[in-house]
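>>> following is a predicted model, sequence given first.
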Amino acid sequence: MNSLGMALARFNLSNQNRILNEIEKSYGVNAEKKVEKQLRRLRKASQEFEAVLITTLFKNFRKSLPGESLFGKSFAMKIYREMRDEKFAEEMAKREEFGIARLLYENLAPAVIRANLRYFPEKGGKT
């Protein structure tokens with residue numbers, strides 16, 4: 001099953017076969033590929049949003065720590081910590097450890113699919 005079909009199944013849309021057939025019949029295969037591309041972009045944007053939130057959490061956690069670290073408060077260490085925290089946050093978001101990206105994706109993907117069903121031009125129309 002392709003990613004559009006998996007997205008429809010995941011969101012328990014009762015008419016998923018009808019919607020897939022409607023996309024293929026009315027708009028052609030290219031429309032389905034456009035929807036799949038938009039769903040991939042939505043997943044990436046959701047993960048990036050989660051990474052920003054996790055990075056913010058790390059920064060606030062670090063502010064709450066008392067005293068200085070083992071290596072002091074040099075500018076280089078500050079930059080290193082920020083870069084490390086950002087990388088950790090990106091990896092955690094990719095694995096959906098907090099679940100924020102997954103929730104965003106699950107709530108927004110049906111809207112992306114519905115919007116594309118509405119706005120794809122009819123066959124032979126302007127693109």
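Nice, I can see it. Residues are numbered from 1 along each chain as shown.
>>> please make it C-alpha for all contacts and neighbour counts, starting now.
OK.
>>> all helices of this protein, in order?
All helices of the chain, identified by DSSP state H, fall at 3-10, 16-22, 29-64, 75-94, 100-119.
>>> so can I have JSON lines of those showing mean pLDDT and mean neighbour count?
Supplementary listing: the helices of the chain in JSON lines, determined by pLDDT from 0 to 100; neighbours: other Cα atoms under 10 Å:
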{"stretch": "helix 3-10", "mean pLDDT": "56", "mean neighbour count": "16"}
{"stretch": "helix 16-22", "mean pLDDT": "60", "mean neighbour count": "14"}
{"stretch": "helix 29-64", "mean pLDDT": "86", "mean neighbour count": "17"}
{"stretch": "helix 75-94", "mean pLDDT": "88", "mean neighbour count": "16"}
{"stretch": "helix 100-119", "mean pLDDT": "83", "mean neighbour count": "16"}
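>>> list the contacts of Ile113.
Neighbouring residues of Ile113 by Cα atoms under 8 Å, 6 or more residues apart in numbering: Val35.
>>> and it, how far from Phe98?
25 Å (Cα to Cα, to the nearest Å).
>>> can you check Lys34 too?
Taking Cα to Cα, one finds Lys34 at 29 Å from Phe98.
>>> same question, Ser46
12 Å.
>>> please apply the same query to Ala51.
In terms of Cα to Cα, Ala51 sits 10 Å off from Phe98.
>>> try Ile54
Going from Ile54 to Phe98 by Cα to Cα gives 9 Å.
>>> likewise Thr55?
For Thr55 relative to Phe98 (Cα to Cα), the value is 12 Å.
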